[in-house]
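Q: What follows is a predicted protein model with its sequence.
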Amino acid sequence: MSSFRGLGLSAWLAEQAQQLGIGRPTPVQAACIPPILQGRDCMGCAKTGSGKTAAFVLPVLQKLCEDPYGIFCLVVTPTRELAYQIAEQFRVLGKPLGLKDCIIVGGMDMVAQALELSRKPHVVIATPGRLADHLRSSNTFSLRKIKFLVLDEADRLLEQGCTDFTKDLEVILGAVPATRQTLLFSATLTDTLNELKSLAMNKPFFWESQAEVRTVDELVQRYLLVPEKVKDAYLVHLIQTFQDEHEDWSIIIFTSTCKNCQILNMMLKQFNFPSVALHSMMKQKQRFAALAKFKSSVFKILIATDVAARGLDIPTVQVVINHNTPGLPKIYIHRVGRTARAGRHGLAITLVTQYDIHLVHAIEEQIKTKLQEFSVEERAVLSILTQVNVTRRECEIKLEATDFDEKKEINKRKQMILEGKVSDVLQPLPPGPRTSTDLSRSTRHPSPLHSCSLSVSFPFEELLFILKGE
Ligand SMILES: Nc1ncnc2c1ncn2[C@@H]1O[C@H](COP(=O)(O)OP(=O)(O)OP(=O)(O)O)[C@@H](O)[C@H]1O
Ligand SMILES: [Mg+2]
């Protein structure tokens, strides 16, 4: 088995890694570090929790210590929490270097970020939207000299869907030099391989773990067939059972929408479970606070949308419950990969309704593993069914009394405005605390922003209202 020194890293860096429990290289690290040090582009596809972060952080730090300047490396990643986690790895491994890093993500003070960028940090870790905003609006920093561009969760960054990063990535790619080294990592690269290959052109080195099964061996994977209407009772029963049997277990529950995430959290709190929620409709400070509480094991249950599905490394997580069956196998792979990391054991249970069976088949086909049924004591579930359903309904009513749906609408419109898509979608906002702007003027106008007559065709107060709405 190789050592980090043998892979070409300096003694101080190998020593620093050792102190952090990164003693022997994992296969993805052993395979990718040497070609990166040789100056090649790299695409690394390895299972969740297999150490992909250190596979790019270590060689970047090695090269940085040989020729330190700022801005030396740009890391782009899809979620804010993940950006902070990657920055933390750079910070602890690069401590002997006096590494300066800078995190550029949405939901945080843009002016403070601009100031930090102008101070030439060695490494910038960013989410695409906010970094593109800085590039569009400021000339106080430059990415023209970066040596490394890293896309962590590269397939997610390139895929088109509800959160489409492609426009922002175009801006970013236009701002970095062609001579850079490009490093792409994910547990699910293969679907987007062609797009990725066009990004990495410098004698790209592609490494994929050989294992046929795409989830880790230490993960026990189960499904539970439940009628849609009694899903929550099963969930409460499962949590109660885990809590009774294992004092120190942490659980992540994934669900499909922000609203359901919020309702489930309210509901579990009613049952006195120590739970916190994490979804994109929360303010960033609340998101960080929730994650910190969960990471420190003060709260044992995290209920999250797919914003937490990728990359997050929380060693205490023993169980992942999919409250909804993921619509795409790759989402399943990332979700269940939040447990059984770095050789630890873990359990994933997917709640499957009568409508989801084809999704399970697609997942099984992709991961090359058959999920087995998880058995529960149905009588115990039935005994709490009414209580759970009543509590859920109460929580729904409570949430309806807040401005949750309205906030969602505002966020959606804000995004549309920023993307220049307002003309197609404007509908009157639901009633609530707002100005007297007459929206009906704007709903049928062909293309208000493109016509450049914002004040006439698009109500300016509306724009301000929406932009301030967060
Ligand atoms: N060589 C190593 N030896 C032991 N532990 C390691 C090693 N390299 C990384 N780790 C630890 O393994 C854990 C998982 O690493 P990491 O988050 O980089 O996984 P990943 O491959 O990026 O997973 P994901 O696909 O979920 O993002 C981290 O806690 C990390 O500190
Ligand atoms: Mg990762």
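A: Everything's here; your move. Ligands and ions are numbered 1, 2, ... in the order given.

Q: what does the stretch 51-200 of the chain have sitting close to ligand 1?
A: With Cβ under 6 Å from any ligand atom as the criterion, the stretch 51-200 of the chain comes near ligand 1 at residues Gly51, Lys52, Thr53, Ala54, Ala187. All C-beta spots, glycine's among them, are computed from the backbone N, C-alpha and C.

Q: is it true that the third one touches Glu88?
A: Spelled out, that is Thr53. No: between Thr53 and Glu88 there is no contact under Cβ atoms under 8 Å: 9.6 Å.

Q: which of the residues of the stretch 51-200 of the chain next to ligand 1 count as buried?
A: Neighbour-count burial (16 or more other Cβ atoms under 10 Å) is assigned, among those, to Gly51, Lys52, Thr53, Ala54, Ala187.

Q: Could I get the full set of strands for the chain?
A: Assigned by DSSP state E, the strands in the chain fall at 42-45, 73-76, 101-104, 123-126, 148-152, 181-186, 205-208, 219-225, 250-254, 275-278, 301-304, 317-322, 346-352, 372-373.

Q: got TSV for those strands, with mean pLDDT and mean neighbour count too?
A: Shown next, in TSV, are these (pLDDT from 0 to 100; neighbours: other Cβ atoms under 10 Å):
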stretch	mean pLDDT	mean neighbour count
strand 42-45	95	26
strand 73-76	98	25
strand 101-104	98	22
strand 123-126	98	28
strand 148-152	98	25
strand 181-186	96	26
strand 205-208	91	17
strand 219-225	98	19
strand 250-254	98	25
strand 275-278	98	24
strand 301-304	98	27
strand 317-322	98	23
strand 346-352	98	23
strand 372-373	97	10
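
Q: Tabulate those strands in TSV, adding columns for distance to His134.
A: As requested, the strands of the chain are exported to TSV (distance: least, Cβ to Cβ, whole Å):
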stretch	distance to His134
strand 42-45	26
strand 73-76	12
strand 101-104	6
strand 123-126	8
strand 148-152	16
strand 181-186	21
strand 205-208	31
strand 219-225	39
strand 250-254	31
strand 275-278	25
strand 301-304	28
strand 317-322	33
strand 346-352	38
strand 372-373	48
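
Q: Point out the one among those that comes closest to ligand 2.
A: strand 148-152 (5.8 Å; Cβ to the ion).

Q: what's the burial count for Ile363?
A: Per other Cβ atoms under 10 Å, the neighbour tally for Ile363 reads 29.

Q: Contact partners for Gly107?
A: Arg80, Lys283, Gln284, Arg287 (Cβ atoms under 8 Å, 6 or more residues apart in numbering).

Q: So what pairs up with the closest residue to the last one other than its chain neighbours in the strands?
A: Nearest residue to Arg287 in three dimensions, chain neighbours excluded: Leu278, at 5.8 Å (Cβ to Cβ, 6 or more residues apart in numbering). When bridges are called by DSSP bridges, Leu278 pairs up with Ala304.

Q: Now do the same contact list for Leu278.
A: Contacts for Leu278 were tallied using Cβ under 8 Å, 6+ apart; they are Glu81, Cys261, Arg287, Ala290, Leu291, Phe294, Leu302, Ile303, Ala304, Thr305, Val307, Ala308.

Q: I appreciate the help and will end here.
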